[in-house]
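1. No letters, just coordinates:
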């Protein structure tokens, strides 16, 4: 039977190979746990969104019926007019139209957020599979290393306290490394999500600029074309900002340091009132409201840029700490390996 010393020398190459695999995949376990929680959160959100969309669809159909009842009711319109209450009819019709278009917009925004979250979930699942593969590789390497050591150390080794101490230090260094690597991973995810939020914010800015341009043209015209272009752009701005805020909430789940954005109130109006009361004065007032929305959006965009900068700084700081922790872990591994090699040598002398 080969001596322990011989077995140690024969196992040295395999031991180094396994230690390299463990070093490469040490971060996977905490990252996998975090990713599983993230996927579960997204799946729960999507289920809740699906229920809400069904409710909004029902509400839109109800508002459509109410809207059509006024739009198509010739007799009711006539009855109001002959009693001198035509203006009252117009007010009610405008109210029904407003509620119908608000229901359409609310449903549209909900569906856009639902679609965006589904896409986020697909990306998260791909990352989850990668982490699962890394975790499986780490587990196999750890099992193989344990078997390798077990094949050399038969039973307890009370005569080697230094080896026990080095193992304890290695475990302590590993715990510190895992904690920092997990925090770095979550901050990196937050930065990635905040980057997507920035794109949504830029889209909102473009839509508001388009709405302002259409509003400017509307002041000098009496047609509905610029009104419709204006309202379409404002609706898109609302959608983009809603998706932006949803991404901010996702980023907050990864990093509690991420703060909510300042509120942005998008100017809103209604086509019927535009038709009934369209004049340069009301157009100018609405134009000013769009400019106010742009100012609020600009402040929110600035706040978001600050959030991204701070998150990136946290990643850099954590990356430096992870690097130092990785070096400490490597030193602890080497010390443990040396202690075990020394233990092997001592065993051969007994």
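-> Okay, I see it. No experiment lies behind these values; they were computed from the predicted model shown.

2. mind listing the strands for this structure?
-> Assigned by DSSP state E, the chain shows no strands.

3. Now residue 32: closest residue in space that isn't a chain neighbour?
-> Distance criterion Cβ to Cβ, 6 or more residues apart in numbering; nearest residue to residue 32, sequence neighbours excluded, is residue 131 at 4.1 Å. C-betas here are computed from N, CA, C, even on glycine.

4. tell me the contacts of that neighbour?
-> 28, 31, 32, 35 (Cβ atoms under 8 Å, 6 or more residues apart in numbering).

5. so which two of those are the farthest from each other?
-> Using Cβ to Cβ, the two most remote members of the contacts of residue 131 are 28 and 35, lying 9.8 Å apart.

6. Centroid-nearest residue for the chain?
-> residue 250 (3.7 Å; Cα atoms, centre = their mean).

7. Spatially, which residue comes closest to that residue, not counting chain neighbours?
-> Per Cβ to Cβ, 6+ apart, closest to residue 250 is residue 193, 5.2 Å.

8. what's the distance between that neighbour and residue 323?
-> 24 Å (Cβ to Cβ, to the nearest Å).

9. Of the two, which one has the most company?
-> residue 193 (23 against 12; other Cβ atoms under 10 Å).

10. Correct me if wrong: that one contacts residue 254.
-> Yes. Residue 193 is within contact range of residue 254, at 7.0 Å (criterion: Cβ atoms under 8 Å).

11. So which elements touch the biggest helix by length in the chain?
-> For the chain, the helix reaching the highest residue count under DSSP state H is reported as helix 280-349. Judged by 3 or more Cβ pairs under 8 Å, 6 or more residues apart in numbering; DSSP states H and E, helix 280-349 is in contact with helix 4-25, helix 161-219, helix 225-254.

12. Figure out which of these is closest to residue 101.
-> Judging those by Cβ to Cβ, what sits closest to residue 101 is helix 225-254, at 8.5 Å.

13. now the angle from the closest one to helix 280-349?
-> 20 degrees (axes from the mean of the first three to the mean of the last three Cα atoms, to 10 degrees).

14. Give the buried residues for stretch 198-209.
-> By neighbour count with 16 or more other Cβ atoms under 10 Å, stretch 198-209 contains the buried residues 198, 200, 201, 203, 204, 205, 207, 208.

15. now it: how far from the chain's centre is it?
-> 18 Å (Cα atoms, centre = their mean, to the nearest Å).

16. How much space separates residue 307 from residue 203?
-> On the measure of Cβ to Cβ, residue 307 and residue 203 end up 18 Å apart.

17. Surely residue 290 touches residue 208?
-> Yes. Using Cβ under 8 Å, residue 290 is in contact with residue 208, at 6.8 Å.

18. which residues do these two both contact?
-> By Cβ under 8 Å, 6+ apart, residue 290 and residue 208 have these common neighbours: residue 234.

19. any idea how the protein splits into domains?
-> Following the assignment in automatic domain parsing, the chain carries domains at 1-155, 185-350.

20. Out of these, which one sits most buried?
-> Using mean count of other Cβ atoms under 10 Å, the stretch among the domains of the chain with the greatest mean number of neighbours is domain 185-350 (a mean of 18).

21. Spatially nearest residue to residue 144 (excluding sequence neighbours)?
-> residue 18 (5.5 Å).

22. measure the one you found to residue 146 for me?
-> Taken as Cβ to Cβ, the span from residue 18 to residue 146 is 9 Å.

23. do residue 339 as well
-> Where residue 146 is concerned, residue 339 sits at a distance of 17 Å (Cβ to Cβ).

24. Could you point out which of the helices and strands packed on helix 280-349 sits nearest residue 60?
-> In terms of Cβ to Cβ, the element of the helices and strands packed on helix 280-349 nearest to residue 60 is helix 225-254, at 14.4 Å.

25. gap between the closest one and the chain center?
-> 16 Å.

26. same for it, what does it pack against?
-> Helices and strands touching helix 225-254, as assessed by 3+ Cβ pairs under 8 Å, 6+ apart, comprise helix 28-71, helix 86-152, helix 161-219, helix 271-277, helix 280-349.

27. how big is the angle separating it from helix 161-219?
-> Using the same axes, to 10 degrees: helix 225-254 against helix 161-219 is 170 degrees.

28. where are the low-confidence patches of the stretch 201-350 of the chain?
-> Flagging of the stretch 201-350 of the chain using pLDDT under 70 yields the residue ranges 215-227, 269-283, 341, 344-350.

29. Next: the stretch 51-200 of the chain.
-> Where the stretch 51-200 of the chain drops to pLDDT under 70, the residues are 66-94, 96, 150, 153-160.

30. sorry, back to before: I'd like the distance from the residue nearest to residue 144 to residue 196, if you could.
-> Counting by Cβ to Cβ, the gap from residue 18 to residue 196 is 39 Å.
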